[in-house]
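Engineer: the sequence and its predicted three-dimensional model are supplied below.
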Amino acid sequence: MEEKKGTQNQQELRIEIQLDEETAQGCYANLAVVNHTDAEFTLDFIFVQPQAPRAKVRSRVITSPRHVKRLIQVLQENMARYEARFGPVTVEPGPEREPVGHYH
């Protein structure tokens with residue numbers, strides 16, 4: 001009986017994900033700004049050009065704290081797999097940046 005419940009739950013979790021052509025192209029971001037309230041996280045993905053005084057938010061994702069926790073876990077797992085295959089990724093210390101509180 002337990003086996004049927006497990007199989008049934010797996011079938012219920014199947015989601016068909018659609019991806020339109022524009023979204024499939026993706027966008028490049030080299031900076032992320034993260035803000036949060038007690039109910040949600042806002043992740044802004046930004047492209048900063050060298051020596052440019054302005055940067056533009058390319059994408060904004062608003063999600064729940066639980067989803068952010070799962071996202072962190074899956075990113076850590078994928079980075080471990082990446083480094084196992086291609087070698088360690090090093091992060092050089094960069095200039096300290098103040099969080100962006102608002103946009104113009």
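Structural biologist: Yep, that arrived.
Engineer: now do H102, the pLDDT please.
Structural biologist: Listed pLDDT for H102 reads 53.
Engineer: swap in E83?
Structural biologist: Confidence score, pLDDT, at E83: 98.
Engineer: pretty sure it contacts V89?
Structural biologist: Yes. Using CB atoms under 8 Å, E83 makes contact with V89 at a distance of 6.1 Å. C-betas here are computed from N, CA, C, even on glycine.
Engineer: these two: who's more crowded?
Structural biologist: With neighbours defined as other CB atoms under 10 Å, E83 and V89 compare such that E83 has more, 11 against 8.
Engineer: that's a helix at that one, yeah?
Structural biologist: Yes. Under DSSP: H, G, I helix; E, B strand; the rest coil, E83 sits within a helix.
Engineer: what's the spacing between N78 and A55?
Structural biologist: To A55, N78 is 26 Å away according to CB to CB, to the nearest Å.
Engineer: these two: which has the busier surroundings?
Structural biologist: Between N78 and A55, counted using other CB under 10 Å, the more crowded position is A55 (16 against 10).
Engineer: find the nearest non-adjacent residue to the more buried one, please.
Structural biologist: V48 (4.2 Å; CB to CB, 6 or more residues apart in numbering).
Engineer: shaky segments in this protein?
Structural biologist: For the chain, the stretches flagged by pLDDT under 70 are 1-11, 94-104.
Engineer: helix/strand/coil for the most centrally placed residue in it?
Structural biologist: Centroid check for the chain by CA atoms, centre = their mean gives L71 as the closest residue, at 6.7 Å. Using three-state DSSP, the structure places L71 in helix.
Engineer: and it, how far from D44?
Structural biologist: 15 Å.
Engineer: okay, and V68 sits in which element?
Structural biologist: When elements are assigned from DSSP states H and E, V68 belongs to helix 65-86.
Engineer: against which helices or strands is that helix packed?
Structural biologist: Helix 65-86 is packed against strand 41-48, with contacts defined by 3 or more CB pairs under 8 Å, 6 or more residues apart in numbering; DSSP states H and E.
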